[in-house]
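Undergrad: pasting the sequence and the predicted model now:
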Amino acid sequence: MPPTIYLAFVDDWEVRGNGTGDPRVLQFEPMRRLVKIFDRYGIRGSFNVEVMQQLAYRKLQERSPELQAFANEWEEVVTQSFRQGHDVQLHLHPQWSAARYDGRGVWKVDGDWSILNYPEQQIRAMLASGKQYLEALLRKIDPTYACVSFRAGSWCAAPSDSFLTILSELGFVFDMSIVAGIRYDTPQIKLDYTHCEEPFAPYYPHMKDARRISCSMEPIVCIPTNRFFGARIALLRRDFSKARMLVRRKIQHLTDRHGRSRPTLSRGRSGDEWTNKGESGVAGLVRRLFNRYIRGQLHIADLSRLNYPMMCRMMAHIRRQASHSGLPCIPVILENHTKDIYDFSDIERFVADVARSPDVKTITLTGIAHGLRNGTFQVRTA
Ligand SMILES: [Zn+2]
């Protein structure tokens, strides 16, 4: 009997980490589209909504009324999706704690990108205000709603003396910030998850280092976000078609006579925030290309970054891991970024496959929290 995979379609919902990009373009419109796809196949998605951005908009809305319109629409999209049965949970980019607005559509988002680098009191305050905000908003629709899961901005969750303890004290049931194997050493992000003790199944973490499995039960669970290796040819194809689409979009923008008069309708721009040390310049580019297309690299199970053949490869890897785990049923967490979706058709094709797979059920993050509490999902100890 093959194990039953409980697949969670999770999306980190936000503008770019440096504050650029129009929320209507990167968040509102693609979330509505994605929800339509989920609804068509009877699937309930989960959105990790980035709340610090929303709180920054609300804080400054009196002085800059255009921010109020954005913040209102943010709530409209979130509550509408929630009403339709989709889950909403907490995601947090602490760099917004030091956000400044120039009054003309431009944000300067200067805070540290890792929640772990803030004083304990401030970590607690940010997490508590994000949770309270979501619960106040969504309990108007469902009084039993609870914010139970968390994903840290830029994946920064370990090691830390206090982070997991604070999460558990605030009532979070599980964290999904660990992706076994990733490592970043960039101007903004420093993390090393190359040695994680559990890449797949739920586990009780060592409370000061979520990369390690605890010997005993703990007040919070970690579930890694899934990842897989290789897919070099499919990746090459994906990169080609994405490049083609970007060029086409650029040409369209240049020829669109309204294009220049709507600069705010933008997709934003990432800088070097995700460029690892030693990966810039010509030598760095060569190294990157070699790793990408010849040696093969690790991919986070992020649907916005994958094409359909890569999603199939990811799913085959998930099935292999599930069968090796020996567990009868296992929750698996995917990732997605509405801001980065260039082609909804591949996602729709994958969602349709999942909807008709007998060994895969879909689940929300709230559903996973219930399953952890009632023992449906086993949790590993060391
Ligand atoms: Zn994020």
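TA: Alright, I've got the coordinates.
Undergrad: surely residue 88 is within a strand?
TA: Yes: counting by DSSP: H, G, I helix; E, B strand; the rest coil, residue 88 is located in a strand.
Undergrad: and the pLDDT for it?
TA: For residue 88, the model assigns a pLDDT of 98.
Undergrad: so what's residue 52 up against?
TA: Going by Cβ atoms under 8 Å, 6 or more residues apart in numbering, residue 52 touches 92, 93, 94, 95, 96, 97, 99, 126, 130, 153. C-betas here are computed from N, CA, C, even on glycine.
Undergrad: for it, pull up the helix or strand it's in.
TA: helix 51-60 (DSSP states H and E).
Undergrad: cool, and residue 76?
TA: helix 65-83.
Undergrad: if we can go back for a sec, tell me the one of the contacts of residue 52 nearest the ion?
TA: residue 153 (4.7 Å; Cβ to the ion).
Undergrad: leaving out chain neighbours, which residue sits closest to that closest one?
TA: residue 93 (3.5 Å; Cβ to Cβ, 6 or more residues apart in numbering).
Undergrad: surely the one you found and residue 16 touch.
TA: No: contact between residue 93 and residue 16 fails when scored by Cβ atoms under 8 Å: they sit 9.9 Å apart.
Undergrad: show me which of these two is the more surrounded one.
TA: Neighbour count, other Cβ atoms under 10 Å: between residue 93 and residue 16, residue 93 has more, with 27 against 21.
Undergrad: mind listing what the more buried one touches?
TA: Contacts of residue 93 (Cβ under 8 Å, 6+ apart): 14, 17, 50, 52, 53, 109, 113, 153, 154.
Undergrad: state the pLDDT value of it.
TA: The predicted local confidence for residue 93 is 98.
Undergrad: and it, what are its phi and psi?
TA: Note on residue 93: backbone dihedrals following degrees, to the nearest 10 are phi -110, psi 100.
Undergrad: and residue 130, how many neighbours does it have?
TA: 23.
Undergrad: quick check: closest non-adjacent residue to it.
TA: Excluding its sequence neighbours, the residue lying closest to residue 130 (Cβ to Cβ, 6+ apart) is residue 51, at 4.0 Å.
Undergrad: next: residue 74.
TA: Closest residue to residue 74 apart from its sequence neighbours, by Cβ to Cβ, 6+ apart: residue 54 at 5.4 Å.
Undergrad: and for residue 212?
TA: Closest to residue 212 by Cβ to Cβ, 6+ apart is residue 206, at 3.9 Å.
Undergrad: quick check: bridge partners of the one you found?
TA: Note on residue 206: beta-bridge partners by DSSP bridges are residue 209.
Undergrad: in this structure it contacts residue 220, no?
TA: No: Residue 206 is beyond contact range of residue 220, at 11.2 Å (criterion: Cβ under 8 Å).
Undergrad: please identify which of the two sits among more neighbours.
TA: More crowded of residue 206 and residue 220, by other Cβ under 10 Å: residue 220, with 23 against 20.
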